[in-house]
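In: this one's structure only:
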């Protein structure tokens, strides 16, 4: 499982931004399309909102890759 850290003072990161930060997408448009197509899960459930806020401890999955959000 991979991990990405929230920046100092950040309480959350949006799903589309997290996908780019993890290197899973090149652009926000690509992330938006994959999220809307139901290809991304957050905490085990399909998520279709790219603006979904991810907090410390949340895990999202894209393909075979799992990424945990940490402070």
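Out: Thanks, I have the structure now. Not measured: the values here are computed from a predicted model.

In: just the mean pLDDT for the helix ranked longest in the chain, thanks.
Out: Ranked by residue count under DSSP state H, the longest helix found in the chain is helix 28-36. Mean pLDDT, helix 28-36: 95.

In: so which elements touch the helix or strand following it?
Out: As assigned by DSSP states H and E, the chain's next helix or strand after helix 28-36 is strand 40-42. Helices and strands touching strand 40-42, as assessed by 3 or more C-beta pairs under 8 Å, 6 or more residues apart in numbering; DSSP states H and E, comprise helix 15-21, strand 59-62. For every residue, glycine as well, the C-beta is placed using N, CA and C.

In: what strands line up against the last one, and which way round?
Out: If you go by DSSP bridges, strand 59-62 pairs up with strand 40-42 (antiparallel), strand 65-70 (antiparallel).

In: to residue 8, which of these lies closest?
Out: Among the strands paired with strand 59-62, the nearest to residue 8 by C-beta to C-beta is strand 65-70 (13.0 Å).
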